[in-house]
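Colleague: starting from these lines, generate the structure:
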Amino acid sequence: MTGISTHDQEWAKTDNQLPDHSHRQHGERYEQGKDESHNLLDSNDQRSIANRLGHASKEDDRQKAEERNASQTKPTEPAVRHGNEPSKGAKVDEELQKEDEEALKKNGAA
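Modeller: Down below sits the predicted model:
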């Protein structure tokens, strides 16, 4: 007889094991929350200053990305969107842009 019961042996197996944290969400704390869960204009909102600054910088980055994408449109698009005929310069710019794209495709395929 060893002096240790089988019940004590079972408890001894799990004594030194770390708890299972698989139920926890992984990722950065700021990213774990749900979208639109805070009202930015609410003075009683309990968001930390760091989270407010993080949100502001993300919004700024998003706006800059939209501006970059908007600047990569066709040169004639703004005039057409406003119901006007594109200028001669815009038409020439669009032709040059098409030629550049075709040259890049040709060089990429060769």
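
Colleague: can you map out the helices along this structure?
Modeller: 6-14, 29-32, 49-71, 77-81, 88-109 (DSSP state H).

Colleague: now, of those helices, which is deepest in the fold?
Modeller: With neighbours taken as mean count of other CB atoms under 10 Å, those reach their highest mean count in helix 77-81, at a mean of 12. Using the backbone N, CA and C atoms, a C-beta is placed for each residue, glycine as well.

Colleague: now tell me what touches that one from outside.
Modeller: 85, 86, 87, 90 (CB atoms under 8 Å, 6 or more residues apart in numbering).

Colleague: for stretch 86-104, same thing?
Modeller: By CB under 8 Å, 6+ apart, the list of residues contacting stretch 86-104 from outside reads 74, 75, 76, 79, 80.

Colleague: residues near the second one, how many?
Modeller: Looking back up the chat, that one is residue 75. 17 (other CB atoms under 10 Å).

Colleague: quick revisit: can you select the buried ones from the contacts of helix 77-81 in ChimeraX?
Modeller: Filtering the contacts of helix 77-81 down to the buried ones (16 or more other CB atoms under 10 Å) takes a single ChimeraX command:
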select :86,90
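
Colleague: quick one: which of the contacts of helix 77-81 is nearest to residue 55?
Modeller: The closest of the contacts of helix 77-81 to residue 55 turns out to be residue 90 (CB to CB; 37.8 Å).
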